[in-house]
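Student: Predicted model and sequence below, questions to follow.
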Amino acid sequence: MTKEKLSLTLHAAGLKNIAGAFKGTSDPFAIVTLLASDPGEKPRVLGKTEVIKNTLSPKWTTSFLFDYEFGTETHINVSVVDEVRKSSDKPMGSAVFEIGDILGSRGSVKAKKLKKGGTLYARIQKAAPRSAGQLALRLRGIKLKNVEGLFKKSDPFFELRRTFDGPGGGAWIPVYRSKHVKNNLNPTWEPVTVDVNQLCDGDLDRKVQVAIFDFEGDGKHESMGLFETSVNELVKAAADKKSFTPKKGSKSYGTISVDECKITGAENPAGQVIDTTPSPAADPTVLPVPVPVMDFGEMNLNASAPIMPPQQKPTFVDYISGNCELSMCVAIDFTGSNGDPRKPGTLHHFSHDGRMNCYEKAISAVGGILSKYDSNQRFPVWGFGAKYGGVVRHCFQVGREQEVLGVRGILDAYKGVFRTPLVMSGPTVFTEVIQVAASQAKSRQAANPLSYTILLLLTDGAVTDVEATKQALASVADAPLSIVIVGIGNADFSAMHFLDNFEQRSGMNRDIVQFVEFRAHEFDKTSLTRATLEEIPDQLVQFFYTRGIMPRPSQGISTSKIVVDDYNEEADIDLSMQYGDDGEIALNDSNSAYVDNSYEAGLGRLHVMPPPTAPHQSPTPAMVAPVQPQPQPFTFQVQVPVGVVPGMQIQVQHPQTGQMLIVTVPQGVNPGGIFNVAS
C-alpha cells in the first residue's frame, strides 16, 4: 500500500499547576518523541509545540507529520512540560499513544489521563502529499472596543482558527496565535505566514474564524469579538480594500482591515511550485517555506475569484476518518493434521511457560491491529475441520457467545474449545466460513453502508477442494469483504498459490484475498502484520469508490464524550530531555527506551524494554529501563535560503540518511547565513 501522511495536533485540559507558590500559573508546552521499536533503533525527538503562558488547558497550534502504513504500529511519547525561566523546566506528565489507535478512535481523537493531573488529547487528521501553499497575511485593527476597563487600554491579539471533520470536530481549534500589542485599540499586528493545509485543508472556501482577544497575564484572555470568513474572502478583501467587523453576540467591536493577503508556494499535481508576483506593498522578508502537506491542483493564484480545489479519489484514511466501520471475524483450522494438542511441538499445544503457539501469535498480532478500528470490539470466532457428535463441521462457533469481547476474548475462546467434545478431523474446507463471513458482511453494510469486514482465516494446510474454493471466492466478490489467510506450520503450501492474482485469472472484478505463510515472519511480528494487511486499504477503497460510496462527515461530539484512557504507570513515562543552545531537543542517554514489539509482549499493554545486553536486569521484561549510551549525534550545516527569516521552519535532507527533517532557523541567522543541525 501507499503510505499516507498524517498530521498530529495536541491539546490538554485541567493540568496541575506546578509553577509553585506565588509564581502564577504554569506555562506548558509539549514534546513529541517517536519511540524505537527494537533495541537496534533509537527513539527520536520530533519537535515541540509553542509555549502557552499562564494556562492549564493549552490548545497548541503546532502540528507534527507522520507517515502512516496500515499494519505497522507507530508509538509516540508526548511529554507536557512547564517552561521555567532561569532554572530547569518541570515535567507535568507524559502519555504514550499509538498512531493507529488514534486514527481508529471515534473522531480520530484519543485522550489519556496524566499522572500529575489533567487530560491530554491527541488528534490525527490526514495531511496531503503536496503543499497548498502558504498564506501571507497582515491584519490591522481599527477602533477596537476597549474591554480593559475605564483607565486602561486593551492589549489585542488575534487567533486564526479552523474546524475538523468528524466526531469531536465541531469546535474551533487555533492554528495561529499572534503576539499581543500593548495598550492599543488600533493595532497593526506583525505579518503572519500560515500553511494553507493546516488552516483549511487546502479548501479556500472552507470557513475559518478570526478571533480577537485582550491579553491578560493570568491567561484568562477576554474576547474582543470574532468573525468567520475564508481564505478566498481574505484574499479578495485585501485586493478590494474591504474590512471585517468582529462581533461579540450582536454587538460590533470595531473593524479589522486586511492590509495584505496572498498565497505563495502552492504545488500543482506535478509537484511544481506555483508562485505569485509580490505586490508592491508586500514585505519582502515575509516569504513562505513550502512544507508538502496537501494535493491542491492547478490554479491561477493571481485571480481574486474563488478557487475550487479538484475532486479527488478518497484514500483509506479518508474512509476510516469518514465513519467507515471495520469489523473482524476469525476462522481457525481444527483438522487432525495440526497434531494432538496435548503433545508439545504440535500446532495447537498450549505452553505452560507463557510462550504462544503460532495460532496465538497470528491472532494477537493481526487481531491486535484490526481491533483498533472496530468500535464495539465484538468478534465472531469460528472453527472448521472438526467433528461434533460424529459429524464433520466446516463452520462451527468457537466460544460460548456468538461474538467475543476483544482479542483477549478470541484467544480465550480458542483455548476453551479444547474443553468441549471436539474431535479434530478433516478435510480442510474454507467454503462455508467464507460464505458465512460474506453474509454477515452484507448484513452489516445493510445497516451501515460504510461497513467493511475482514476475515482472518488460519490454516495448517492447503484446501482439499481448490475448485470449490475458487467458486466460493468468486461468489462473494461483491461483498464488502477482504480475506486474509495465514498458513500455520511447516506444511507445503504450494497448492495455495492459486490465490496469487486469482481475481485476474478468474474474471473477478476485485482482489479480496491475501495469503501469507506464518513461518516467513515467525520472529518478526511487524513483518507479519505488514504482509497480511498491506492489500486491505486498496481493496476497501476500490470496493466503496467503484460503487459511488464516499466517506461522510460525522455528527460532531463534545470533548466530554471522548473516552479517556487511564494513566499507565508502566508505559506513560517522563523522558529526560536535554536542550541545546540552538533550540534542538534530545533525549538524555541514560533514559532512552524502546517498545517491545515481540509476540510475547502481551495484549493491551505497551512494553518498554531494556537492551538485551544490560547485565543488571532480570529476564522479566521491565516496562522502563536505561539503554546503552548512544553515540554523539551527527552534525551538519544548513545555509538559510533567501527570504527565510529567523524563527521560520525549513525542510532539509539529512546528508547521511537522506531523511527529510524540519528544522527551525535560529535567531540571529539571516538569509545566506549558516547554522548547525545535530541529528
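Tutor: Received, thanks.

Student: so residue 470 touches residue 498, yeah?
Tutor: Yes. Contact criterion CB atoms under 8 Å: residue 470 and residue 498 qualify, at 7.0 Å. All C-beta atoms are positioned from the backbone trio N, CA, C, and that covers glycine.

Student: Can you tell me how far residue 527 is from residue 516?
Tutor: Computed with CB to CB, to the nearest Å, the distance linking residue 527 and residue 516 is 10 Å.

Student: Provide a list of residues in contact with residue 476.
Tutor: Under the criterion of CB atoms under 8 Å, 6 or more residues apart in numbering, the contact list for residue 476 reads 434-435, 437-438, 512.

Student: In PyMOL, how would I select the buried members of those?
Tutor: What follows is the PyMOL syntax for the buried subset of the contacts of residue 476, where burial is set by 16 or more other CB atoms under 10 Å:
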select buried, resi 434+437+438+512
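
Student: Between all of the contacts of residue 476, which two are separated the most?
Tutor: The most widely separated members of the contacts of residue 476 are 435 and 512, with 13.2 Å between them, by CB to CB.

Student: Ranking helices and strands of the protein by mean pLDDT, which lands last?
Tutor: Evaluated with mean pLDDT, DSSP states H and E, the helix-and-strand set of the chain has its lowest mean pLDDT in strand 608-609, which scores a mean of 50.

Student: Could you spell out the sheet neighbours of the next helix or strand after it, each with its direction?
Tutor: If you walk from strand 608-609 toward the C-terminus, the next helix or strand you reach (DSSP states H and E) is strand 635-639. Listed by DSSP bridges, the sheet partners of strand 635-639 and their directions read strand 674-678 (antiparallel).

Student: Flag every buried residue along the partner strand.
Tutor: By 16+ other CB under 10 Å, the buried positions in strand 674-678 come out as 675, 677.

Student: Off-centre distance for it?
Tutor: Strand 674-678 sits 30 Å away from the centroid of its parent chain (CA atoms, centre = their mean, to the nearest Å).

Student: same deal with stretch 37-57?
Tutor: Taking CA atoms, centre = their mean, one finds stretch 37-57 lying 15 Å from the centre of the chain it belongs to.

Student: quick one: low-confidence parts of the stretch 1-150 of the chain?
Tutor: Counting by pLDDT under 70, the stretch 1-150 of the chain contains low-confidence residues at 1-2, 39, 86-87, 128-130.

Student: And the strands in it?
Tutor: 4-13, 28-34, 44-48, 64-68, 75-82, 90-98, 109-113, 119-126, 134-142 (DSSP state E, counting those that start in this stretch).

Student: What lies in contact with the second one?
Tutor: Outside strand 28-34, the residues that touch it by CB under 8 Å, 6+ apart are 8, 10, 12, 15, 43-52, 55-56, 58, 60, 64, 74-83, 92, 120, 575, 577, 585, 587.

Student: Kindly recompute the last result at 6 Å.
Tutor: Among residues not part of strand 28-34, those counted as contacts by CB atoms under 6 Å, 6 or more residues apart in numbering are 10, 43-46, 48-49, 51, 58, 64, 76-83, 575.

Student: Which among the residues you listed count as buried?
Tutor: Members of the contacts of strand 28-34 that pass the buried threshold by neighbour count (16+ other CB under 10 Å) are listed as 10, 43, 45-46, 48-49, 58, 64, 76-82, 575.

Student: ok, which pair from the residues you listed is furthest apart?
Tutor: Pairwise distances across the buried ones among the contacts of strand 28-34 (CB to CB) peak at 23.9 Å, for the pair 43 and 58.

Student: before we move on, back to that, of the strands of the stretch 1-150 of the chain, give the one that comes closest to residue 366.
Tutor: Judged by CB to CB, the one of the strands of the stretch 1-150 of the chain that comes nearest to residue 366 is strand 90-98, at 15.5 Å.

Student: Strand partners (parallel or antiparallel) of the closest one?
Tutor: Strand partners for strand 90-98, identified by DSSP bridges, are recorded as strand 75-82 (antiparallel).

Student: Please list the outside residues in contact with the partner strand.
Tutor: Outside of strand 75-82, the residues within contact range by CB under 6 Å, 6+ apart are 18, 26, 28-35, 89-98, 575, 595.

Student: Kindly give a single ChimeraX line that selects the buried subset of those.
Tutor: Selecting in ChimeraX just the buried members of these, where the criterion is 16+ other CB under 10 Å, is done with this command:
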select :18,26,28,29,30,31,32,33,34,35,89,91,92,93,94,95,96,97,98,575,595
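
Student: quick one: residue 537 is in a helix?
Tutor: Yes. Residue 537 forms part of a helix when assessed by DSSP: H, G, I helix; E, B strand; the rest coil.

Student: Just give the nearest non-adjacent residue to it, would you?
Tutor: The shortest distance from residue 537 to any non-neighbouring residue, by CB to CB, 6 or more residues apart in numbering, is to residue 316 (3.5 Å).

Student: coming back round to it: which of residue 527 and residue 516 has more neighbours?
Tutor: Summary of the neighbour comparison: residue 527 and residue 516, criterion other CB atoms under 10 Å, with residue 516 having more neighbours (22 against 16).

Student: where's that one, which helix or strand?
Tutor: Counting by DSSP H and E, the element that carries residue 516 is strand 513-517.

Student: Show me what that strand is packed against.
Tutor: In terms of contacts (3 or more CB pairs under 6 Å, 6 or more residues apart in numbering; DSSP states H and E), strand 513-517 is packed against strand 481-487.

Student: what's the spacing between the strand it packs on and its chain's center?
Tutor: Taking CA atoms, centre = their mean, one finds the center of strand 481-487 at 25 Å from the center of the full chain.

Student: swap in stretch 337-356?
Tutor: 37 Å.

Student: for residue 412, phi and psi?
Tutor: Residue 412 has phi and psi values of phi -70, psi -40 when expressed as degrees, to the nearest 10.

Student: Can you tell me the SS state at residue 233?
Tutor: At residue 233 the chain is in helix, as set by three-state DSSP.

Student: Mind pulling the model confidence for it?
Tutor: Here, the pLDDT recorded for residue 233 equals 94.

Student: Distance check, it against residue 244.
Tutor: 9 Å.

Student: Same check on residue 330?
Tutor: Using CB to CB, one obtains 57 Å as the distance from residue 330 to residue 244.

Student: of the two, who's got more company?
Tutor: Here residue 330 and residue 244 are compared on neighbour count by other CB under 10 Å; more neighbours surround residue 330, at 27 against 20.

Student: still on that earlier bit, mark which of the contacts of residue 476 are part of helices, please.
Tutor: Taking DSSP state H as the definition of helices, those contribute 434-435, 437-438.

Student: how about the residues you listed in JSON lines, adding pLDDT?
Tutor: Supplementary listing: these in JSON lines, determined by pLDDT from 0 to 100:
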{"residue": "434", "pLDDT": "96"}
{"residue": "435", "pLDDT": "96"}
{"residue": "437", "pLDDT": "97"}
{"residue": "438", "pLDDT": "97"}
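
Student: Of those, which is the nearest to residue 370?
Tutor: Within those, proximity to residue 370 (CB to CB) peaks at residue 437, which comes in at 13.5 Å.

Student: what about that closest one, distance to residue 483?
Tutor: 7 Å.

Student: How about residue 16?
Tutor: 50 Å.

Student: Tell me which of these two has more neighbours.
Tutor: More neighbours surround residue 483 than the other of residue 16 and residue 483, with 24 against 14 (other CB under 10 Å).

Student: partner residues bridging the more buried one?
Tutor: Taking DSSP bridges, one finds residue 455, residue 513 as the beta-bridge partners of residue 483.

Student: Quick one: distance of the stretch of helix or strand residue 470 belongs to to the chain centre.
Tutor: Residue 470 is part of helix 466-475 when elements are defined by DSSP H and E. Offset of helix 466-475 from its chain centre (CA atoms, centre = their mean): 37 Å.
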